[in-house]
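Student: Here is my input, please return the structure:
(one chain, ligands or ions: 1)
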Amino acid sequence: MSDTSMFCFQCEQTAGGKGCTRVGVCGKPPEVAGRHDILTASLIELARAAKGKAIGGDADLLIIEGLFATITNVNFDAAWFDAHTAKVRAATAKLGGAPAFDPQTLFHGDTDVTSLRSTLIFGLRGMAAYAHHAHVLGQHDPLVTEWFYKGLFEVGRDHSVDEWVALLMEFGQANLKCMALLDHANTSAYGNPVPTQVSTSREPGPFIVVTGHDLLDLKHLLEQTEGQGINIYTHSEMLPAHAYPELKKYKHLKGNYGTAWQNQQKEFAELPAPILFTTNCLMPPKASYFDRVFTTAMVGFPGTQHIPEDAHGRKDFTSLIRKARELGGWKDTVSGKPLMTGFAHHAVLAVADQVIGAIKAGLIKHIFLVGGCDGAKPGRNYYTEFVEKTPKDTLVLTLACGKYRFNHLDVGTIGPFPRVLDMGQCNDAYSAIQVAVALAKAFNCTVNDLPLSLVLSWYEQKAVCILLTLLSLGIKNIRLGPTLPAFVSPAVLNVLVEKFGIKPITKPDDDLKAILGK
Ligand code: SF4
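Tutor: Reported below is the predicted structural model:
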């Protein structure tokens, strides 16, 4: 692949629904796309070199960071990829070297094999993000770490279709462990989320907007701004942070600003404040706010200010705080409608008896999980319309930034519950699984027998690892949109339809009718 051509089809907005070949729709240039492939190939070589050896420490982190950085909208910095690839190659050499893997072969070859191999690669990238969030909180699971090596090693080998499917299911179980690990890491560090009303009002004075998923970055920033007269607002996937007791205790964590990631170029244009990106989704910053963008961890964009961590894992946010003071913040108070969050598994299972009682009494006729990523496509209005049209005697669980399509709607309550319950970030799919499993146990049936339907939206690779986890749990009849992944070949789609009953979304009315049998 030359520096002027590329091939990437890892996300939902891929060009023409087939693949980005000149420049990414996300803004990823060919020279960065090529480096993603080279880094991925070098990680496969590291996994080959590590085979059969006791590994740990630096090599583990190199793999997790390398995979995480290649997720859509994380890192656009070619120099970062060159430096990281060099470190990976050095680690491989230290282990005695390994047969080379040709990056050109990653996403090319037999259509179905490429489809299955790509699905595993993208799933591994997604899981790496969760493993990284757990890692910064000091939490590791050897089984999850081992699976990064195993997955990369197997990506570099030939398999039959059946073997690939078995690997994907095994990976789904590894990702379940990784989501459990992250849930444990977050709740150990910050407490169990509690139902919380989040302000969307604006207050006068300097402030910083924090976006992405990394709660530790938010925590460090809250500590460093406490008593400084600087307010902190969350954006997009950071909204659920307000529900954690150890984060919500900070009075200057004021509220949530804006909506989902794809609106950032509009929402940040006139913002009198800096923005800290802790993970995806970073869009190429417009000139109107370029000098206000700060990145940290795996996030990178050439020319923006990056805040590194020191040898002790601490980050110095002084430059970000200075920028907030310079910009001065909002001048006036503007009130906004509050949003609810904090219905993670602990909160929902604490009232499990009431939920079960309401289902048995016919007060709750059906539960929908309408969750996943948001994105720019007009077809995503499906999710707004779907939730608007759900009958009043149904409950909607949601998670991830797809909720911004409907979390502002007033769809009422069922007994003591709001009809839409926000369980958290995308990794809190773990909460939805916990709730579904508990309900199945209470009703002495399988999750597939519950009055529960999953209507998911996907955009990037974390959705891939979550989907594989759901499939590995045997969950069937998931509706997926707004379009099916370009990397799923027709034959692989057939397998998914036959084995798991996966369906593309159609129209809200038709899907609701099919689900509820009316
Ligand atoms: Fe295209 Fe998505 Fe790849 Fe970006 S991440 S280059 S938009 S497929």
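Student: Got the phi and psi for residue 266?
Tutor: When quoted as degrees, to the nearest 10, the phi and psi of residue 266 stand at phi -80, psi -40.
Student: for residue 139, that is, sorry about that
Tutor: Per degrees, to the nearest 10, the backbone of residue 139 is at phi -110, psi 130.
Student: Next one: the residue in the chain that the ligand sits nearest to from residue 122, what distance?
Tutor: Of the chain, the residue with the smallest distance to the ligand, taken as Cβ to the nearest ligand atom, is residue 24 at 2.6 Å. The C-beta positions use only the backbone N, C-alpha and C, and glycine is treated the same way. Here the criterion is Cβ to Cβ, to the nearest Å. By it, residue 24 lies 15 Å from residue 122.
Student: next one: residue 269
Tutor: Distance, residue 269 to residue 122, by Cβ to Cβ: 31 Å.
Student: Of the two, which one has the most company?
Tutor: Per other Cβ atoms under 10 Å, whichever of residue 269 and residue 122 has more neighbours is residue 122, with 26 against 11.
Student: Look up phi and psi at the residue nearest to residue 12 when sequence neighbours are not counted.
Tutor: Ranked by Cβ to Cβ, 6 or more residues apart in numbering and with sequence neighbours excluded, the top spatial neighbour of residue 12 is residue 459, at 4.7 Å. Main-chain torsions, residue 459, degrees, to the nearest 10: phi -140, psi -50.
Student: for the chain, what helix or strand is lowest in average pLDDT?
Tutor: Ranked by mean pLDDT, DSSP states H and E, the weakest helix or strand in the chain is strand 417-418, scoring a mean of 90.
Student: In terms of secondary structure, what does the helix or strand following that strand contact?
Tutor: Per DSSP states H and E, strand 417-418 leads on to strand 420-422 as the next helix or strand towards the C-terminus. The contact analysis (3 or more Cβ pairs under 8 Å, 6 or more residues apart in numbering; DSSP states H and E) places strand 420-422 against strand 339-341, strand 394-398.
Student: mind running it again at 7 Å?
Tutor: The contact analysis (3 or more Cβ pairs under 7 Å, 6 or more residues apart in numbering; DSSP states H and E) places strand 420-422 against strand 394-398.
Student: So which bits of the helix or strand hosting residue 247 are buried?
Tutor: Assigned by DSSP H and E, residue 247 belongs to helix 245-248. Under the neighbour-count criterion of 16 or more other Cβ atoms under 10 Å, helix 245-248 has 247, 248 buried.
Student: cool, stretch 291-307 as well?
Tutor: 292-301, 304-307.
Student: Taking those together, which two end up most distant?
Tutor: 292 and 298 (20.1 Å; Cβ to Cβ).
Student: interface residues of the stretch 1-150 of the chain facing the ligand?
Tutor: 8-11, 13-14, 20, 24-26, 28, 33, 72 (Cβ under 6 Å from any ligand atom).
Student: PyMOL command to pick out the buried ones of those?
Tutor: This is how PyMOL selects the buried members of these, with burial counted by 16+ other Cβ under 10 Å:
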select buried, resi 8+9+10+11+13+14+20+24+26+28+33+72
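Student: Select, from the residues of the stretch 1-150 of the chain next to the ligand, the two members most distant in space.
Tutor: 13 and 33 (14.4 Å).
Student: Centre of the chain to the lengthiest helix in the chain, how far?
Tutor: In the chain, with assignment by DSSP state H, the single longest helix is helix 161-190. Centroid separation for helix 161-190 versus its chain: 13 Å, with Cα atoms, centre = their mean, to the nearest Å.
Student: Tell me which other helices or strands it touches.
Tutor: Counting contacts by 3+ Cβ pairs under 7 Å, 6+ apart, helix 161-190 is packed against helix 111-136, helix 142-155, helix 245-248, helix 429-442, helix 461-472.
Student: what about it, average pLDDT?
Tutor: Across helix 161-190, the average pLDDT comes to 97.
Student: Check which element follows it along the chain.
Tutor: Next element after helix 161-190 (DSSP H and E): strand 196-198.
Student: buried sites along the one helix or strand residue 40 maps to?
Tutor: Using DSSP H and E, residue 40 sits in helix 30-50. Using 16+ other Cβ under 10 Å as the burial criterion, the residues of helix 30-50 that qualify are 30, 32-50.
Student: which residues touch it?
Tutor: Taking contacts as Cβ atoms under 7 Å, 6 or more residues apart in numbering, the residues outside helix 30-50 that touch it are 1, 3-6, 8, 23-24, 59, 63, 66-67, 70, 76, 78, 81-82, 84-85, 88-89, 91-92, 95-103, 106, 121, 149, 152-153, 155-156.
Student: any idea of the angle the helix or strand containing residue 455 forms with strand 394-398?
Tutor: According to DSSP H and E, residue 455 maps onto strand 452-457. Counting by axes from the mean of the first three to the mean of the last three Cα atoms, to 10 degrees, strand 452-457 lies at 40 degrees to strand 394-398.
Student: Quick check: mean pLDDT of strand 452-457?
Tutor: On average, strand 452-457 scores 97.
Student: and if you look at stretch 4-18?
Tutor: Stretch 4-18 comes out at a mean pLDDT of 94.
Student: Quick one: end-to-end distance for that stretch.
Tutor: This stretch, stretch 4-18, spans 18 Å end to end (Cα to Cα, to the nearest Å).
Student: again, but for stretch 192-206
Tutor: 30 Å.
Student: and what of stretch 244-254?
Tutor: OK, stretch 244-254 end separation, Cα to Cα: 14 Å.
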